[in-house]
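In: Attaching a predicted model along with its sequence, questions to come.
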Amino acid sequence: MAERARVAALILGAGRGERLGAALPKAFVEVVGRTLVERSIRALAAADVFGVLQPVLGAEDLGRFAALGIEDVEGLAAPVVGGRERQDSMRAGLAALPAAIEWVAVHDAARCLVSPRDVVRVVEVARATGAAILAEPVRDTIKRVESGAIVETPPREALWAAQTPQVLRRDWLEAGLAAATRDGRQATDDAQLVEWLGHVVRIVPASGPNPKITRPEDLRLAESLLASGTDEEPAHFGEGARRRAGVGEIGS
């Protein structure tokens, strides 16, 4: 309990998701009967490593979140309003966390199929080393292009596709955000903020699919994975984890 109290998760769901083409904000699109944000929150809760689960949403989405009725999830905080850019949402989330929090996992609400076991692994590595992210090896050949022409084919063996959660020391993340603001830079992911400070970020290989739901085909993939039982339900984590995630007995 004491160790968990020092670790928090920010669930970022303030994006509008225009590419998904849905009538609702992306975090509130449903996949097999549950919204993306609810699935993400329950997966993180089932990992049993967080003292606080802090959603960061759009201002117009607070009512939608309240209507989900997921107050049964242990450690779930009231949502705070995010900003236009990802870094703005991170600042808002960090400002809402208790002072005792030393480690922060930043997670996209749109990665709703994340494995709780992978969450445990990436948190453990980050706490041992300072920073770690979930990722998977790149399988396609990548080309660097300028003016429509290939200028480089980097070795595929050295390339990884970043996912979330990305777990970082809170002081490193806050320093990285401050430096990015000072320099007028926008990071493409959370780990880049601490990379710019010279810190080493470790990779933890994802054990299974963890797609970011961005386009309609991603939603269809998530539905297929859920239908096939490929995702990892909180029921696999025992009664205590199911209780924290607000999930009943298998089949309920």
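Out: Nice, I can see it.

In: quick one: low-confidence parts of this protein?
Out: Residues of the chain meeting the criterion pLDDT under 70: 1-2, 16-23, 229-252.

In: Okay, helices next: where are they in it?
Out: Ranges of helices in the chain, per DSSP state H, are 36-47, 62-67, 86-96, 116-129, 170-183, 190-195, 216-228, 238-245.

In: Mean neighbour count, those helices: which tops it?
Out: Highest mean neighbour count among these (mean count of other CB atoms under 10 Å): helix 36-47, with a mean of 27. Any C-beta I mention is one placed from the backbone N, CA and C, and that applies to glycine too.

In: mind checking how far residue 138 is from residue 203?
Out: 12 Å (CB to CB, to the nearest Å).

In: intersection of neighbour lists for the two?
Out: Here residue 138 and residue 203 share the contacting residues residue 160, scored by CB atoms under 8 Å, 6 or more residues apart in numbering.

In: just to revisit the earlier point, the helices of the chain: which one's closest to residue 15?
Out: Residue 15 lies closest, by CB to CB, to one member of these: helix 86-96, at 8.4 Å.

In: Kindly calculate the angle that that closest one makes with helix 170-183.
Out: Between helix 86-96 and helix 170-183, the angle comes out at 140 degrees (axes from the mean of the first three to the mean of the last three CA atoms, to 10 degrees).

In: Just put the helices of the chain in a markdown table and tack on distance to residue 210.
Out: Converted to a markdown table, the helices of the chain look like this (distance: least, CB to CB, whole Å):
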| stretch | distance to residue 210 |
| --- | --- |
| helix 36-47 | 10 |
| helix 62-67 | 23 |
| helix 86-96 | 18 |
| helix 116-129 | 7 |
| helix 170-183 | 21 |
| helix 190-195 | 15 |
| helix 216-228 | 10 |
| helix 238-245 | 17 |
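
In: Minimum distance to residue 145: which of these has it?
Out: Closest approach to residue 145 among the helices of the chain is made by helix 190-195 (21.1 Å; CB to CB).

In: on contacts alone, who are the packing partners of that closest one?
Out: Packed against helix 190-195 by the contact rule (3 or more CB pairs under 8 Å, 6 or more residues apart in numbering; DSSP states H and E) you find helix 86-96, strand 131-137, strand 160-169, helix 170-183.

In: Name the residues of the second one that are buried.
Out: Within strand 131-137, the residues that count as buried by 16 or more other CB atoms under 10 Å are 131, 132, 133, 134, 135, 136.

In: ok so, going back, same list (the helices and strands packed on helix 190-195) but as CSV, adding distance to residue 79.
Out: Below are these laid out as CSV (distance: least, CB to CB, whole Å):
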stretch, distance to residue 79
helix 86-96, 9
strand 131-137, 23
strand 160-169, 18
helix 170-183, 20
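
In: which residues touch residue 138?
Out: By CB under 8 Å, 6+ apart, the residues touching residue 138 are 156, 159, 160, 161.

In: of all the residues you listed, which comes closest to residue 65?
Out: Nearest to residue 65 among the contacts of residue 138 is residue 161, at 29.1 Å by CB to CB.

In: hmm, back to that, to residue 213, which of the helices and strands packed on helix 190-195 lies closest?
Out: In terms of CB to CB, the element of the helices and strands packed on helix 190-195 nearest to residue 213 is strand 160-169, at 12.3 Å.

In: Between the helices of the chain, which one is closest to residue 14.
Out: Among the helices of the chain, the nearest to residue 14 by CB to CB is helix 86-96 (5.1 Å).
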